[in-house]
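Enquirer: Need coordinates for the below:
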Amino acid sequence: MRDFLAGITDIIGGRSGAYESKLAEGREVAINEMKAKARAIGANAVIGVDLDYETLREGMMMVIATRTAVRIK
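Expert: Have a look, this model is predicted:
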């Protein structure tokens, strides 16, 4: 249903709240995982964060997050 409504939104214009919500959720998960992995290797900061979004197939998206973990004195 979400995909159907998003398709209608694409045709008539506007923004799809369902997709925006899922993208925000994916972003939060990626950022939290970056923080946890940085802490695990002894870093206390993350810099140079880049978030990319990919559509794998109908209804399935992926968030790709890259960063540099650093230790600031």
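Enquirer: and the residue lying closest to residue 50 once chain neighbours are set aside, what pLDDT?
Expert: Nearest non-adjacent residue to residue 50, counting by Cβ to Cβ, 6 or more residues apart in numbering: residue 66, 4.8 Å away. (C-beta placed from N, C-alpha, C; glycine too.) We have a pLDDT of 92 for residue 66.
Enquirer: what's residue 66 in contact with, if anything?
Expert: Residues in contact with residue 66 (Cβ atoms under 8 Å, 6 or more residues apart in numbering) are 48, 49, 50.
Enquirer: Confirm that it sits in a helix.
Expert: No - going by DSSP: H, G, I helix; E, B strand; the rest coil, the assignment for residue 66 is strand, not a helix.
Enquirer: So it versus residue 47, what's the distance?
Expert: For residue 66, the distance to residue 47 equals 11 Å [Cβ to Cβ, to the nearest Å].
Enquirer: Can you dump the C-alpha atoms of the helix or strand where residue 63 lies in CSV for me?
Expert: Here residue 63 sits within strand 60-70, counting by DSSP states H and E. Taking Å, rounded to 0.1, in the frame of the first residue of the first chain, the C-alpha atoms of strand 60-70 are listed here in CSV:
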residue,chain,number,x,y,z
MET,A,60,13.4,-2.2,-0.4
MET,A,61,15.9,0.6,0.3
MET,A,62,19.4,0.6,1.7
VAL,A,63,21.3,3.3,3.6
ILE,A,64,25.1,3.3,3.0
ALA,A,65,27.0,5.2,5.6
THR,A,66,30.7,6.0,5.6
ARG,A,67,32.7,7.9,8.1
THR,A,68,36.1,8.4,9.7
ALA,A,69,36.4,7.6,13.4
VAL,A,70,38.9,9.7,15.3
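Enquirer: which residues touch the residue nearest the centre of the chain?
Expert: Most central in the chain under Cα atoms, centre = their mean is residue 27, positioned 2.8 Å from the mean C-alpha point. Residue 27 sits next to 51, 63 when contact means Cβ under 8 Å, 6+ apart.
Enquirer: Next: the one 5 residues further on.
Expert: Applying Cβ under 8 Å, 6+ apart, one finds that residue 32 lies in contact with no residue.
Enquirer: Thanks again, I'm all set now.
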